[in-house]
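>>> Predicted model and sequence below, questions to follow.
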Amino acid sequence: MPEQASRRPEFTPQRHTLDVMTHLLTVAVGGHYLIDRVALSALVSSLPGLQRVALDSIPPPRVLVWDAGAGDTAGLPRLPPETALLLLVTVDDYSNLPSGVAGLFLKDETPEALGIAIRQVARGEQYLSNQVVLPAIHAPLGASFQHRLCVTLQAMNTSSSSRTRLAILGTLSDLHRQPIAYDLNCLRSLVADLAPDLLCAEITREAWEGGDFSSATVEVREALAPVGAATDIVIVPVASTPRQYIDFAPSEQWRRDLVLAFDRLLQWGQRQANRPEAVNGLLFGAFCHTVCALTEMMWKPEDRATWEIQNKAMADNILQAVQRDPGRRVLVAVQCQRLHRLMPLLRTDINWLEIVNYWEL
């Protein structure tokens, strides 16, 4: 499929001053049997980041989850174009599908998988449970179930590709607390709106699993971790050590003075960039790369080697994470000083990995 040129969206700071808890995805539920609707309502209400609403609410719900029961979709209402349809099915009741289905979710899957399916169809994508697809693959040639699946796949425009889309989002450490457009509220809302399947964060696995955020960056403590707790985004710790960029300091005083001057220059550039799309753009990227290169020249050779090893280990951790769970949308949130180090390490010849801008994720 040919690639289409995408236009970088204009970022609106006012939109991103809301708390992350206001970014709930609205979901309506329905089905033939009352007991199924009650159980489904309770399940959807228990999933993080989702808000159950009535089908006739204004604005319309983003997703309608419909329990097809024994293949019964006769009572399915006409949906507004803003609402995606996710059908809960069994393999046996797959024979009578309505038009406009965005996803087929097998009832044997977990509640967590339902949350992923809801978010996927809400983004305008399609969802098919593996257990729905596999029986058709092994069905005898010409079987009606296999034919029905092929027709459905064509109608849903579903690709069998498991290619992973990965974007890197540069962050600004303590500067996120300053009065700039790209503040902590903006970062929280931006990640919540992107709703990646996996969010790779700059914290070690030991610290993350132990709940120890004492050495974590402010972005992880006050933005990424709260978003992960409020949604079904899976956070993956990818740092190999807790040592940060600012922890590398030369021994000679004149070198420390130069590093301090370069740090002030970098912060000036970050304030001028101001907005997330500018911080992650080409112009600021070249500026940041130049200032960081000058800073790293002041370090001891062993510190420069340690920094290189640290970034290589982080890139390996990211690639291992996406390889374990292919076909997902992955956002890597790291401080901007790492961007020019990680990007070449992640731009490999792996055909299942596609690197995109964060606004294309």
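On my side now, so go ahead.
>>> C-alpha only now, for contacts and for neighbours.
Will do.
>>> Now for the chain, the helix or strand with the poorest mean pLDDT.
helix 144-156 (a mean of 53; mean pLDDT, DSSP states H and E).
>>> Following that helix in sequence, what is the next regular element?
For helix 144-156, the succeeding helix or strand toward the C-terminus, using DSSP states H and E, is strand 164-171.
>>> Give me the helices and strands touching that following strand, please.
helix 276-279, strand 329-335, strand 353-355 (3 or more Cα pairs under 8 Å, 6 or more residues apart in numbering; DSSP states H and E).
>>> strands paired with it, and their directions?
strand 329-335 (parallel), strand 353-355 (parallel) (DSSP bridges).
>>> Identify each buried residue in it, please.
164, 165, 166, 167, 168, 169, 170, 171 (16 or more other Cα atoms under 10 Å).
>>> Per-residue pLDDT of the first one, please?
Predicted confidence (pLDDT) for residue 164: 85.
>>> wait, what's in contact with residue 187?
residue 223 (Cα atoms under 8 Å, 6 or more residues apart in numbering).
>>> returning to that earlier point: mean pLDDT for the strands paired with strand 164-171: which is lowest?
strand 353-355 has the lowest average pLDDT among the strands paired with strand 164-171, namely a mean of 87.
>>> Can you name the residues in contact with that one?
163, 164, 165, 166, 167, 347.
>>> Beta-bridge partners for the residue nearest to residue 53 when sequence neighbours are not counted, please?
Leaving aside its chain neighbours, residue 53 sits nearest to residue 28 (5.2 Å; criterion: Cα to Cα, 6 or more residues apart in numbering). Note on residue 28: beta-bridge partners by DSSP bridges are residue 64.
>>> host element of the residue nearest to residue 114 when sequence neighbours are not counted?
Nearest residue to residue 114 in three dimensions, chain neighbours excluded: residue 105, at 7.4 Å (Cα to Cα, 6+ apart). Assigned by DSSP H and E, residue 105 belongs to strand 101-106.
>>> next one: residue 51
Assigned by DSSP H and E, residue 51 falls within strand 50-52.
>>> what pLDDT, on average, does that strand get?
Per-residue scores along strand 50-52 average to 86.
>>> now swap in stretch 239-255 and tell me
92.
>>> just for this structure, where's the confidence low?
Low-confidence segments of the chain, defined by pLDDT under 70: 1-23, 69-74, 91-99, 131-162.
>>> any idea which of the buried residues of strand 164-171 is closest to residue 188?
Using Cα to Cα, residue 171 is the member of the buried residues of strand 164-171 that sits closest to residue 188, with 11.4 Å.
>>> Tell me the spacing between the closest residue to the closest one other than its chain neighbours and residue 54.
For residue 171, ignoring the flanking residues on the chain, the nearest one in space by Cα to Cα, 6+ apart is residue 335 at 4.4 Å. Distance, residue 335 to residue 54, using Cα to Cα, to the nearest Å: 41 Å.
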